[in-house]
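Enquirer: okay, sequence plus prediction incoming.
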Amino acid sequence: MVDPDVFDRRLERLEQAITDLRGVAAVDRATFLVDRRLQAQAERWTQVAVEACIDLAHHLIADHGWATPATHRAAFATLAAQGVISDEGATRMAGWAGLRNVLVHLYLDIDHARLHDVLTGELDELVAYAAALAAAGEP
């Protein structure tokens, strides 16, 4: 059974990060592109959101005894194969994992215009993921 404390804390953190990111996304693009503090908030909260998504995936996979994925992207594919999320959802979440890798490892090359585009147009993907994982994690 999914450890409700572990699972719920990560789900709550994901939901809080989404709320925080919506606030940043509400800032007009021109302001965002010149405000390093907003950029830093967006970077960190995006990283936290995706880390929570990844943790939730691995927790659910382990709980069900499904094969351990070799990569974070593969974890989302496993969720799709098990019917937790759609194949399209797994592809979208793999994109978020890629964004997380850029934020963590390629931080010198972050395209803040692209990050703003993601936040203004793609946050609902994280909302849908959170809903799917919440439903899958219920006892």
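Expert: Looks like it came in fine.

Enquirer: what about the most centrally placed residue in the chain, helix or strand, and which?
Expert: Nearest residue to the geometric centre of the chain (C-alpha atoms, centre = their mean): residue 50, 2.8 Å. Assigned by DSSP states H and E, residue 50 belongs to helix 36-64.

Enquirer: centre of the chain to the helix or strand containing residue 79, how far?
Expert: In the assignment (DSSP H and E), residue 79 maps to helix 72-81. Relative to the chain's own centre, helix 72-81 is displaced by 13 Å; criterion: C-alpha atoms, centre = their mean, to the nearest Å.

Enquirer: moving C-terminal of that helix, what's the next helix or strand?
Expert: helix 87-105.

Enquirer: report the angle between that next one and helix 36-64.
Expert: 130 degrees (axes from the mean of the first three to the mean of the last three C-alpha atoms, to 10 degrees).

Enquirer: output helix 87-105 as PDB - backbone C-alpha positions only.
Expert: What follows is helix 87-105, C-alpha atoms only, in PDB (Å, rounded to 0.1, in the frame of the first residue of the first chain):
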ATOM      1  CA  ASP A  87       0.500   7.700 -23.400                       C
ATOM      2  CA  GLU A  88       0.200  11.400 -24.200                       C
ATOM      3  CA  GLY A  89       0.400  12.300 -20.600                       C
ATOM      4  CA  ALA A  90       3.600  10.200 -20.300                       C
ATOM      5  CA  THR A  91       5.100  12.100 -23.300                       C
ATOM      6  CA  ARG A  92       4.200  15.500 -21.700                       C
ATOM      7  CA  MET A  93       5.600  14.500 -18.400                       C
ATOM      8  CA  ALA A  94       8.800  13.300 -20.100                       C
ATOM      9  CA  GLY A  95       9.100  16.800 -21.500                       C
ATOM     10  CA  TRP A  96       8.800  18.200 -17.900                       C
ATOM     11  CA  ALA A  97      11.500  15.800 -16.800                       C
ATOM     12  CA  GLY A  98      13.700  17.200 -19.600                       C
ATOM     13  CA  LEU A  99      13.000  20.700 -18.500                       C
ATOM     14  CA  ARG A 100      14.000  19.700 -14.900                       C
ATOM     15  CA  ASN A 101      17.300  18.400 -16.300                       C
ATOM     16  CA  VAL A 102      17.900  21.800 -18.100                       C
ATOM     17  CA  LEU A 103      17.200  23.700 -14.800                       C
ATOM     18  CA  VAL A 104      19.500  21.400 -12.800                       C
ATOM     19  CA  HIS A 105      22.300  20.600 -15.200                       C
END
